[in-house]
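[1] with the input below, show me the fold.
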Amino acid sequence: MSERKVLNKYYPPDFDPAKIPKLKLPKDRQYVVRLMAPFNMRCKTCGEYIYKGKKFNARKETVQNEVYLGLPIFRFYIKCTRCLAEITFKTDPENTDYTMEHGATRNFQAEKLLEEEEKRIQKEREEEELNNPMKVLENRTKDSKLEMEVLENLQELKELNQRQANVDFEAMLQQYKEYEEEQKRREQEEDEQEMKAMLEQAQNRRLLADSDSDEEPAKPGTKPAVKAKPTDVLQEDPQPQSKKLKTESWERSVGKWNSKSQLAALVTARKQKLSATQVNGAENRGTTTSTGSLPGTVSTTSSLSLLGAYTDSESD
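    You can find the predicted model right below:
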């Protein structure tokens, strides 16, 4: 398979390059090239600023009768971005730079001019020393004197700074130690304050808890009488056999004064909502009469009161 892009051409044996006709082009002909502005400039016509790196479609031509060490010098034509005025500048191979020629002024030119002035003075001095050896000696003595004066001025400035800024390292260390101690003391005080605040909070909580516990048992010490239930008779603690026999024999011989207490224990009252005053009255009467009764038994008066309340409710 043959190559798609052929690099080597075939030259026949009878090929003579002198027979190829040459193009006759003018020496000052112009080419259209794409370039960037080599420096910051300002248009003289409208005052528009053109920054370095701005891209232009420029025309390039070779400057006639200007050569530097065999290197040609080129001129470029660009147009202002605002007023389309023509601006020209050319290359400067001697200084490896560009020089403004027409249509604009170069910005930040002061530093470049100063460098050029220094180079010019140095060049003149070298030319003088080349033909006059006494001038060389004078210039050397001037340079040595100038160097000595610079060193003396520098030494004076150093001494002045040392007088004004006398650093005491021991005082600096002492001050730093005092600062550290002060910071530690502040931290300790802050910790103590926090501990005190926490202790006060805990004490206040404890006092509040104690006050709450004191307020709860502020009720009367006597326990309220337990309401009698019909099944309490079956759950009574068994009495001693001798005492039980004595009571039974006494009851057989003499008899009971009132048998309503046992009947009241056997009667089951229907559940009914009683008023608060009635309940409190019944409880108070039960407590007053039950002080003389035996533990685990219901008093006769409390049972009678309950029977009365029950009969009243039935009659209603």
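[2] strand partners (parallel or antiparallel) of the longest strand along the chain?
    The residue-count maximum for a strand in the chain (DSSP state E) belongs to strand 55-68. Here strand 55-68 has these sheet partners by DSSP bridges: strand 31-36 (antiparallel), strand 71-79 (antiparallel).
[3] how about TSV for these, with mean neighbour count, distance to residue 51 and mean pLDDT added?
    In this view, the C-beta of every residue, glycine as well, is placed from N, C-alpha and C. Listed next are the strands paired with strand 55-68 as TSV, based on neighbours: other Cβ atoms under 10 Å; distance: least, Cβ to Cβ, whole Å; pLDDT from 0 to 100:
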stretch	mean neighbour count	distance to residue 51	mean pLDDT
strand 31-36	10	10	94
strand 71-79	17	13	95
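[4] mind putting the ones you listed in a markdown table, distance to residue 154 included?
    Shown next, in a markdown table, are the strands paired with strand 55-68 (distance: least, Cβ to Cβ, whole Å):
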| stretch | distance to residue 154 |
| --- | --- |
| strand 31-36 | 45 |
| strand 71-79 | 45 |
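[5] go through those and name the closest to residue 157.
    Closest to residue 157 of those is strand 31-36 (Cβ to Cβ; 45.9 Å).
[6] let me see the ranges of the helices in this protein.
    110-131, 133-164, 169-215, 241-253, 260-266, 276-289, 300-315 (DSSP state H).
[7] stretch 122-135: which residues count as buried?
    residue 129 (16 or more other Cβ atoms under 10 Å).
[8] any idea of the mean pLDDT for it?
    The pLDDT scores in stretch 122-135 average 86.
[9] from here on, call the first residue 500.
    Will do, 500 is the new start, and the previous item becomes stretch 621-634.
[10] with only the CA atoms kept, save that stretch in PDB.
    Below are the C-alpha coordinates for stretch 621-634, written out as PDB (Å, rounded to 0.1, in the frame of the first residue of the first chain):
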ATOM      1  CA  GLN A 621      29.000  53.500  30.800                       C
ATOM      2  CA  LYS A 622      29.800  53.400  27.100                       C
ATOM      3  CA  GLU A 623      31.200  57.000  27.100                       C
ATOM      4  CA  ARG A 624      33.300  56.200  30.200                       C
ATOM      5  CA  GLU A 625      34.800  53.100  28.500                       C
ATOM      6  CA  GLU A 626      35.700  55.100  25.400                       C
ATOM      7  CA  GLU A 627      37.400  57.800  27.600                       C
ATOM      8  CA  GLU A 628      39.400  55.200  29.500                       C
ATOM      9  CA  LEU A 629      40.400  53.400  26.300                       C
ATOM     10  CA  ASN A 630      42.600  56.400  25.200                       C
ATOM     11  CA  ASN A 631      43.500  58.100  28.500                       C
ATOM     12  CA  PRO A 632      45.200  55.900  31.200                       C
ATOM     13  CA  MET A 633      45.100  58.800  33.700                       C
ATOM     14  CA  LYS A 634      41.400  58.900  33.400                       C
END
